[in-house]
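**Student:** Provided below for reference: sequence and predicted model.
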Amino acid sequence: SLDEALWRKLCWNVPFNGLSVACGGITTDEILADPELSRRARALMEELQAASAAHGVEIEDAFLDRQFVLTESMGSYKPSSLIDFLAGREVEVEAIWGEPLRRGRATGIPMPELERLHAELKAKV
């Protein structure tokens, strides 16, 4: 389903695009190498997993695990939002981070990491 595809895509885009910009322009390998940022990436994925489940889309833990394996293989990768940020172009904060936050809140899912990242991004861009 389209909803499932979107929630799954957000499981990678929210943490890796977001943290790369919020941290001032770092690549995905730098996120993975930093224990706190890697923990935040996983927490963001788990919040999205919970929100998606509340909307009838189940995302298994193995899918989240696989996102880290795939990202590690990318090496020093610049996500699309980081490329836009560095080029001075608009970063789609509300579409990528604000909308899933609103949808999670609407179902009562606590999303403290996404709230934090959303606020960081709004202050940065």
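**Tutor:** Structure received. Computed from a prediction, not measured in an experiment: that's the story for all the values here.
**Student:** Tell me how far the residue positioned nearest the centre of the chain lies from I83.
**Tutor:** In the chain, the C-alpha nearest the mean C-alpha coordinate belongs to V14, at 1.5 Å (CA atoms, centre = their mean). With distances defined as CB to CB, to the nearest Å, the gap from V14 to I83 amounts to 17 Å. Using the backbone N, CA and C atoms, a C-beta is placed for each residue, glycine as well.
**Student:** Likewise for R105?
**Tutor:** Separation of R105 from I83 (CB to CB): 29 Å.
**Student:** try P110
**Tutor:** 31 Å.
**Student:** same thing with I26?
**Tutor:** Applying CB to CB, one obtains 13 Å for the distance of I26 from I83.
**Student:** So these two - more neighbours on which side?
**Tutor:** Shown here are I26 and I83; by other CB atoms under 10 Å, I26 has more neighbours (18 against 14).
**Student:** Phi, psi for the more buried one please.
**Tutor:** Dihedral angles phi and psi of I26 (degrees, to the nearest 10) take the values phi -100, psi 160.
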